[in-house]
Each structure stands twice: as structure tokens, then as C-alpha cells.
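Colleague: Need coordinates for the below:
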Amino acid sequence: MLMRFLGEVLLPADNILPTSLYLAERLIQSRPPDSCAYHACPKDDYTWDHLPRRDWAAHKEDSCPECGSHRFITETIAGIPCLFPAKEFWYFGVAHVIRSFSADPDWAERRKQPKDTSPGSLYGGKMSQAINTATSGRLVHPDSSGYGVGFDFTQIFNFKTHSSGVMFMRNLDQPEHIKGKLENSKPVLLLPDPKEPKTFKAYFQRVCVDLRKYGPQGPGLEVTEAILDKDGTVQKLTFMHTAFLLSVSADSPARQKMAMWPPVAAYLACGWCLFEGFKREDDGTTHFGGDAEAAEQIFLELGLCKVGDAKLQLSDNMQHQRAKLVEDAKASAQKSGCMGYSEFPRILSYVSYSDVWELPIYHAGLYGIVKGFMAFLLSDYSGSNCPEHVIPKKLRSLMRSLDLLCENVARS
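Modeller: Just a heads-up that it's a prediction; the model follows:
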């Protein structure tokens, strides 16, 4: 009705506006909005496959297989009982994202360039080389691509609290100056609920299952890339595409939830090692020492250790073992530094628990990923002969003074 009203009343008589939303969607080849709507358990324990609205009535008694919560609720509007999903989210699909990327000739041209396997590059790194070997060279094949996903919550309104979660995908074969741009990032998952879910596993599982199907563990995805000829004409090339997940990026709180690691304020918050923090008596917050001086490790009774100590490091096998112990209720989350299995390494067999999480270099130093980095900067020296790489003692005193000043201001 609205489309007809616009065309017949508001626009010039000779306009060609479609008379219905259905015709407009068919004309521009867009997906109907409700085709991306999925239902979730109100307690976030389970998600159902897409169900057309016409079939809702036949499934009105559906309940969550995990907790028994109802899939639908009934509300009375103008005396008529109406069905509504108890909880809804939007999933656009890994296949849709990759195919929409492929429709751009410029994007397709950049994607098919030979992959850089030199030392220090994405495909020349230890993780990528291990994946490439395990998949018989499929990672660097011209028909394959590396992808990254990112996740964060955003406040979409400035007048009330409403946290919406967004997961995006980007292609990692694009040049560095293109990778982070909007043209190389597309949403794949949207959680519109005003509050953050208590668990994300059911939502992330849907993304990971698709990545498994379209990756080296599955048949791949048939895509049609738009190829621009020298004369300006666009040709279409159809092939089976293999998608590899090579990175997961998020800020620290979101990463902890995606990796199933404890919150950042927990004693064993670092997901890469078992170095433990301590609670300060003055403000009750958790802090991590072990940079310039070794710190006592109480939980595992390992004595004095510094950040980056080899005996605290977690191998990929150890990550899987502790996740399984927690899932099987044979170990506590508090003492293992793990809340259970992350869907990414659990479903995608080639994904490394330790290497897939993207981490800024300035966080890497604090987490001890760069071995001895903080100790390197705070090395001792005598007299006025301060090495070029070391922070001078006067500057360290100033840093301590500023830290104390900030603490006093915060308390007041």
C-alpha cells in the first residue's frame, strides 16, 4: 500500500516506482528482510533454523532442547491472539557475505593476486604454514581465501541503554590499506536485544558451522566472481571457493567471551598462559605483576615467576584439554582459567586456540606474548649509562608518580 501511495500520489505521473515491496525486492534482487530473522532461546542456550512466518503456527509448541523455554509467546492485539518469537536475532549467512564480496570486480581482482608467503606475512607465519601443510596446500591455492571475523557491542541510541552485538567478516587477501575499510567488511550476525546474552555459544556456533561447511573440512562454496576485462566489460567466473578463518578480532571483554576465557578482572584472565593476578587490598581490583620482578604463583603453587615464563605457557593441546575438563565438570573455571570450549577451535579443526585471536602489539607486551618485553624495557643499569632501549629511572619515577596521582584522583 505504501509503495502504491508513493507512486500514485507523491511522485510524478510517469514514474516507474514498483507498486509493491515484493516487486521492488525482485527488481533489485535483494533478500526479504524476514529471511535473515532467526529465533533464539530466551536464555540464549539454543538457536533454531530460519522459519518462514507462514509456518509459525505449526511450531507454536516448540521449546528449547537445552532448558525447555518456549520458542514463541502469544500476545493479544485488538482481541486477536498473535504469535511472536520469544527472542530474535539476525543472521545474514557466511555464504551471502562471501558472494556479495565476489560481485565487486575490484574486490575480486585484489583477492586473486598471489598470496605473500614471505616471513612475517600473514601466509608466511607459523600458524598459516601449519594450516597450509595440514590441508595439502589448499590455504595458498588461488581459489582459497583467508577471512577474519570481529565482534563487539555498540550502543545504537544516545537516549537509552541498548546494547546490540555485531559480528562482521572481512577478507584477509586484500591489501593492508583496504583490509580495515568498510568496503571489505560486512555484517554476518546481529544481536539486537537490549541486553548482552548470558552466553554466546549458540550464536557463534551457527557462524562456525557455516565456516566449516565452506572451508577445508567441507565441500567449499560455489561463488561467481565478477572479472573486469581490459575493455571494461564484466565477465563472470564460477568456481568452488574454500574459506579459511585465520583471525578473530575483538576488544578484551568481547574476546574473553568468544574464547570462553574468564573476564579480564579474573585471577587467571590471560588466555595464553597461567600467570595469575593478585587483588590489591586498597581498592580490591585485580592487578598483574611479574614484569620487573617475579610474582608469587599461588593457584598452581609454582613459586616465583615472571610474565612469559615458559612453565606457565599453554600449548594448543593444553587449551583443548582444559576446555574439555571444564565442559565435563572435571575442573573448575576459577582454577583452570577457562569457562569451557570456544566454538571456533571446537568446530574448526584447523583453528589454533592460541593463535587465532588477534591482539594489538601494545597488549601483547602486557600479556607477555612478546617474551620478556616489559623486563627488556625495565632492565637494570648502573650510573648514567642508560641503554637506548631501556626506560630511564627518572622517567620510571615520573610514571609511578602519575600512576599514584591518577589513583588518588579516582578515589576522591
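Colleague: which sections of the stretch 251-400 of the chain are below the confidence cut-off?
Modeller: Scanning the stretch 251-400 of the chain for pLDDT under 70 picks out 360-373.
Colleague: What segments of the stretch 151-300 of the chain are strands?
Modeller: Under the criterion DSSP state E, counting those that start in this stretch, strands of the stretch 151-300 of the chain are mapped to 163-171, 185-191, 221-228, 234-249, 278-279, 286-287, 295-297.
Colleague: Can you check which of these gets nearest to Lys394?
Modeller: Ranking these by proximity to Lys394 (Cβ to Cβ) places strand 286-287 first, at 23.9 Å. Bear in mind the C-beta positions are built from the backbone N, C-alpha and C, glycine included.
Colleague: elements contacting that closest one?
Modeller: strand 278-279 (3 or more Cβ pairs under 8 Å, 6 or more residues apart in numbering; DSSP states H and E).
Colleague: Could you list the residues in contact with the strand it packs on?
Modeller: Strand 278-279 has contacts (Cβ atoms under 8 Å, 6 or more residues apart in numbering) with Tyr267, Thr285, Thr286, His287, Phe288, Gly289, Ala295.
Colleague: same thing but at 10 Å, please
Modeller: Residues outside strand 278-279 that contact it (Cβ atoms under 10 Å, 6 or more residues apart in numbering): Ala265, Tyr267, Thr285, Thr286, His287, Phe288, Gly289, Gly290, Ala295, Glu296, Ile298.
Colleague: Spatially, which two of those are the most separated?
Modeller: Among these, Ala265 and Glu296 lie farthest apart (Cβ to Cβ), at 19.1 Å.
Colleague: picking up where we left off before, possible to save the contacts of strand 278-279 as JSON lines with neighbour count and distance to Phe204?
Modeller: Output for those, formatted as JSON lines (neighbours: other Cβ atoms under 10 Å; distance: Cβ to Cβ, whole Å):
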{"residue": "Ala265", "neighbour count": "14", "distance to Phe204": "23"}
{"residue": "Tyr267", "neighbour count": "18", "distance to Phe204": "25"}
{"residue": "Thr285", "neighbour count": "10", "distance to Phe204": "29"}
{"residue": "Thr286", "neighbour count": "15", "distance to Phe204": "26"}
{"residue": "His287", "neighbour count": "11", "distance to Phe204": "31"}
{"residue": "Phe288", "neighbour count": "17", "distance to Phe204": "27"}
{"residue": "Gly289", "neighbour count": "15", "distance to Phe204": "33"}
{"residue": "Gly290", "neighbour count": "23", "distance to Phe204": "32"}
{"residue": "Ala295", "neighbour count": "20", "distance to Phe204": "34"}
{"residue": "Glu296", "neighbour count": "13", "distance to Phe204": "36"}
{"residue": "Ile298", "neighbour count": "11", "distance to Phe204": "33"}
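Colleague: Pipe the residues you listed into JSON lines and attach distance to Pro345 per row.
Modeller: Output for the contacts of strand 278-279, formatted as JSON lines (distance: Cβ to Cβ, whole Å):
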{"residue": "Ala265", "distance to Pro345": "24"}
{"residue": "Tyr267", "distance to Pro345": "23"}
{"residue": "Thr285", "distance to Pro345": "30"}
{"residue": "Thr286", "distance to Pro345": "26"}
{"residue": "His287", "distance to Pro345": "29"}
{"residue": "Phe288", "distance to Pro345": "25"}
{"residue": "Gly289", "distance to Pro345": "30"}
{"residue": "Gly290", "distance to Pro345": "27"}
{"residue": "Ala295", "distance to Pro345": "29"}
{"residue": "Glu296", "distance to Pro345": "31"}
{"residue": "Ile298", "distance to Pro345": "29"}
